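> just to be clear, the model below is a prediction. Sequence and coordinates:
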Amino acid sequence: VQLVESGGGLVQAGGTLRLRCAASAFTFSSVDMSWVRQAPGKGLEWVSSIRNGDGTTYYADSVKGRFTMTRDYTVNLQMNNLKTEDTGVYYCATGGPTVPRGIISRHTFTHWGLGTQVIVSS
């Protein structure tokens with residue numbers, strides 16, 4: 001299983017970005033997928049998930065109403081009204097709980113991408 005993120009970049013606060021995650025070896029509708037981010041100097045933070053099958057989505061309170069997760073041939077994260085606190089490396093991940101609770105670590109999911117950098121300037 002290989003996950004590859006793309007779409008990160010530098011954007012001003014209030015702007016938008018669309019992240020994508022491509023995968024080999026499986027179809028997205030057959031597994032739960034998640035986005036996790038890591039701000040500079042901080043731990044991993046779960047951002048959103050999409051459930052296999054029916055595609056129900058879940059969001060952290062910090063991004064609810066601003067981020068939208070979808071899937072087709074890729075898993076996507078549409079990020080609107082970006083804030084400086086959204087800055088970080090964004091990873092797509094699978095092989096863990098649909099909505100992880102508590103502290104997130106590299107052990108929470110079995111498969112991770114290498115991440116894509118998002119920088120939101122004020």
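Arrived safely, thanks for sending.

> now the strands for this protein?
Listed in chain order, the strands of the chain (DSSP state E) span 2-6, 9-12, 17-24, 33-38, 44-50, 57-59, 67-71, 75-79, 88-94, 111-112, 116-121.

> can you give me the mean pLDDT across the longest one?
This predicted structure assigns strand 17-24 an average pLDDT of 94.

> partners of that strand, with directions?
With DSSP bridges as the test, strand 17-24 is paired with strand 2-6 (antiparallel), strand 75-79 (antiparallel).

> send over the last one as CSV, restricted to the C-alpha atoms.
Coordinates of the C-alpha atoms in strand 75-79 are reproduced here as CSV (Å, rounded to 0.1, in the frame of the first residue of the first chain):
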residue,chain,number,x,y,z
VAL,A,75,-9.2,11.1,-1.4
ASN,A,76,-9.6,14.8,-1.2
LEU,A,77,-9.6,17.5,1.4
GLN,A,78,-11.0,20.8,0.4
MET,A,79,-9.8,23.4,2.8
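
> Leu114 and Ser6, how far apart?
10 Å (C-beta to C-beta, to the nearest Å). Every C-beta, even on glycine, is put in place using the N, C-alpha and C of the backbone.

> before we move on, back to that, output the strands of the chain as a markdown table; include the columns distance to Pro100.
Conversion of the strands of the chain to a markdown table gives the following (distance: least, C-beta to C-beta, whole Å):
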| stretch | distance to Pro100 |
| --- | --- |
| strand 2-6 | 16 |
| strand 9-12 | 26 |
| strand 17-24 | 17 |
| strand 33-38 | 7 |
| strand 44-50 | 5 |
| strand 57-59 | 10 |
| strand 67-71 | 15 |
| strand 75-79 | 16 |
| strand 88-94 | 9 |
| strand 111-112 | 13 |
| strand 116-121 | 20 |
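
> right, I'll leave it there.
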